[in-house]
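Engineer: give me a 3D structure for the following:
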Amino acid sequence: MLQPRTVDLRRVVFSLSDALDLVGVDDLLHGKRVGMMAAYLAEALGESPAMIEEIYDAGLLHDCGVSSTRVHRCLVDSLDWPGSFDHCQRGYDLLRQTELLSHLADYVLMHHWHWDTPVPEGMNPAARRIANLLYLVDRVDALSAPFYATRSVLRHREDIRQRIAENSGTLFSPELVDAFLHASAAEAFWLQLDTPYVHYEVIDRARQVETRAINWPQLKQLALLFARIVDAKSPFTVEHSEGVGRLAAHLGNVAGLGAASCNRLELAGLLHDIGKLRIPDEILEKAGTLTADEKEVMLSHSFETYQILRRTPGLDAIAKLAAFHHERLNGHGYPFHTEAVDITEEMRIIQVADVFQALAQRRPYREPLPVPAILAELDRMVADGSLDAGVVGMARADAETCHRVALNA
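Structural biologist: Residues are numbered from 1 along each chain as shown. Okay, the predicted model is just below:
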């Protein structure tokens with residue numbers, strides 16, 4: 001089993017929230033503001049401390065079904081729109097598959113459900129009220145978003161309050177609207193949404209450590225949750241992270257590494273592209289050559305991965321392993337320009353697995369490559385000093401199996 005055997009689940013939730021907030025590109029605090037406002041109103045409504053924490057976590061993760069920057073723009077620009085339920089269903093499906101977070105799934109499923117619409121058979125009616133609370137504050141944040149950069153939310157608060165009040169009994173529960181109108185009459189409600197105070201709230205809540213003993217299947221479920229959110233960002237990256245994880249673990253096994261090392265490789269492969277959530281869809285799916293500015297944006301993604309993982313107890317041990325997938329032995333990789341002496345065997349395996357799997361998949365600028373073409377590109381990268389000759393040699397000797405593993409074929 002992968003060491004360590006414990007994680008701080010609250011910190012994992014915060015890290016997942018950090019990853020989800022990257023989809024906002026420039027507005028990186030949507031989930032945290034929703035969680036904070038929901039907890040604020042839940043406390044005013046007399047909910048128990050345990051339920052308040054659960055509501056806060058649900059707020060942090062309510063948009064886990066959103067990977068696309070295009071969908072995120074709809075979330076911010078529209079009070080409601082056709083298709084808004086799609087990301088709720090996807091978030092529900094993801095959380096239901098994640099044992100340690102499955103208790104939040106019903107809230108996520110219904111967080112865009114209109115209050116005046118009957119709950120369909122099979123939905124949890126007890127979760128409806130909490131989900132509607134999330135919906136209300138989610139829309140408050142969307143209406144406030146245009147004013148955060150200029151710190152002018154206070155100037156527009158009455159318009160926002162009126163928009164919410166106009167939808168009492170239709171989109172939102174009258175009880176929750178009344179609670180919101182009462183709480184938001186105070187300037188403090190709006191001032192707390194300013195960036196420094198949202199960060200202070202996160203710091204305060206992060207002190208409430210929730211250490212859990214965790215087995216490998218549970219840890220893998222958490223990593224798969226991250227991976228599936230990332231890979232859903234584009235049809236060109238579907239299952240890329242899962243494929244890199246499988247292939248890295250396979251190459252580790254071929255290399256004779258132990259079970260713990262192979263597990264670590266799979267985990268790092270699953271998590272290596274978290275930072276891509278901040279790459280706008282238009283860049284990630286561009287069929288032509290990237291401009292210099294677009295290349296700079298793309299170069300940031302592995303650094304974002306590193307920043308998220310290094311702050312997560314239980315995942316920090318694989319931060320460099322995951323984030324160094326674009327480092328190169330000749331020192332010309334990114335974002336750290338790491339020299340060969342500091343690139344471990346496991347890192348070299350991840351680098352080869354990432355290149356192999358990406359070449360095996362279709363991209364907006366090319367079709368998937370057959371095995372001989374993949375090997376030719378890997379050989380070229382060995383020749384220019386980018387990739388490890390030994391690891392590429394293992395992939396060559398087992399090329400057909402590596403191809404099947406990379407694509408889960």
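
Engineer: got the domain ranges for the protein?
Structural biologist: Annotated domains of the chain cover 8-206, 215-407 [automatic domain parsing].

Engineer: please convert those to a markdown table, extending it with mean neighbour count and mean pLDDT.
Structural biologist: Yep, even glycine has a C-beta here, placed from its N, CA and C like the rest. What follows is the domains of the chain, written out as a markdown table (neighbours: other CB atoms under 10 Å; pLDDT from 0 to 100):
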| stretch | mean neighbour count | mean pLDDT |
| --- | --- | --- |
| domain 8-206 | 18 | 90 |
| domain 215-407 | 19 | 93 |
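
Engineer: quick one, phi/psi of Gly122?
Structural biologist: phi 100, psi -20 (degrees, to the nearest 10).

Engineer: and the gap between Asp159 and Leu143?
Structural biologist: Separation of Asp159 from Leu143 (CB to CB, to the nearest Å): 8 Å.

Engineer: for the stretch 1-150 of the chain, what spans make up the strands?
Structural biologist: Secondary structure of the stretch 1-150 of the chain (DSSP state E, counting those that start in this stretch): strands located at 6-8.

Engineer: so how far is stretch 142-152 off the chain centroid?
Structural biologist: Centroid displacement of stretch 142-152 relative to its chain, using CA atoms, centre = their mean, to the nearest Å, is 23 Å.

Engineer: measure that stretch end to end?
Structural biologist: 14 Å (CA to CA, to the nearest Å).

Engineer: which SSE is Glu282 in?
Structural biologist: Per DSSP states H and E, Glu282 falls inside helix 281-284.

Engineer: what's the first helix or strand after that helix?
Structural biologist: In N-to-C order, the element after helix 281-284 by DSSP H and E is helix 292-299.

Engineer: output stretch 166-183 as PDB, restricted to C-alpha atoms.
Structural biologist: Extracted in PDB, the C-alpha atoms of stretch 166-183 (Å, rounded to 0.1, in the frame of the first residue of the first chain):
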ATOM      1  CA  GLU A 166     -37.800  38.300  -7.400                       C
ATOM      2  CA  ASN A 167     -37.300  34.500  -7.700                       C
ATOM      3  CA  SER A 168     -38.600  33.600  -4.200                       C
ATOM      4  CA  GLY A 169     -40.900  30.700  -4.500                       C
ATOM      5  CA  THR A 170     -39.800  29.900  -8.000                       C
ATOM      6  CA  LEU A 171     -36.000  29.300  -8.200                       C
ATOM      7  CA  PHE A 172     -35.500  29.600  -4.400                       C
ATOM      8  CA  SER A 173     -37.200  28.600  -1.200                       C
ATOM      9  CA  PRO A 174     -39.000  31.600   0.400                       C
ATOM     10  CA  GLU A 175     -37.500  30.600   3.800                       C
ATOM     11  CA  LEU A 176     -34.000  30.700   2.400                       C
ATOM     12  CA  VAL A 177     -34.600  34.000   0.500                       C
ATOM     13  CA  ASP A 178     -35.900  35.600   3.700                       C
ATOM     14  CA  ALA A 179     -32.800  34.400   5.500                       C
ATOM     15  CA  PHE A 180     -30.600  35.700   2.800                       C
ATOM     16  CA  LEU A 181     -32.300  39.100   2.700                       C
ATOM     17  CA  HIS A 182     -31.900  39.400   6.500                       C
ATOM     18  CA  ALA A 183     -28.300  38.400   6.500                       C
END
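
Engineer: so which elements touch the helix holding Glu282?
Structural biologist: helix 69-77, helix 292-299 (3 or more CB pairs under 8 Å, 6 or more residues apart in numbering; DSSP states H and E).

Engineer: wait, Ile160 sits on Pro146?
Structural biologist: No - using CB atoms under 8 Å, Ile160 makes no contact with Pro146, being 10.4 Å away.

Engineer: contacting residues around Gly333?
Structural biologist: 324, 326-327, 386 (CB atoms under 8 Å, 6 or more residues apart in numbering).

Engineer: no wait, Val153
Structural biologist: 144, 147, 160, 190, 193-194.

Engineer: the nearest residue to it once chain neighbours are set aside and Leu251, how far apart?
Structural biologist: Among residues not flanking Val153 along the chain, Phe147 sits closest, at 4.5 Å (CB to CB, 6 or more residues apart in numbering). Distance, Phe147 to Leu251, using CB to CB: 50 Å.

Engineer: thinking again about what came up before, could you work out the most separated pair of the contacts of Val153?
Structural biologist: Across the contacts of Val153, the longest distance by CB to CB is 15.2 Å; it joins Ile160 and Asp194.

Engineer: follow-up on the earlier one: tell me, what's touching Asp159 and Leu143 both at once?
Structural biologist: With CB under 8 Å, 6+ apart as the test, Asp159 and Leu143 reach no residue in common.

Engineer: ok so, going back, between the contacts of Gly333, which sits nearest Cys88?
Structural biologist: Looking across the contacts of Gly333 and measuring by CB to CB, the closest to Cys88 is His326, at 33.9 Å.

Engineer: His332 is in contact with the closest one, correct?
Structural biologist: No - counting by CB under 8 Å, His326 does not reach His332; the two are 10.1 Å apart.

Engineer: touching both of the two, which residues are there?
Structural biologist: What both His326 and His332 touch, as defined by CB under 8 Å, 6+ apart, is an empty set.

Engineer: pretty sure Gln361 contacts His240?
Structural biologist: Yes - using CB under 8 Å, Gln361 makes contact with His240 at a distance of 6.3 Å.
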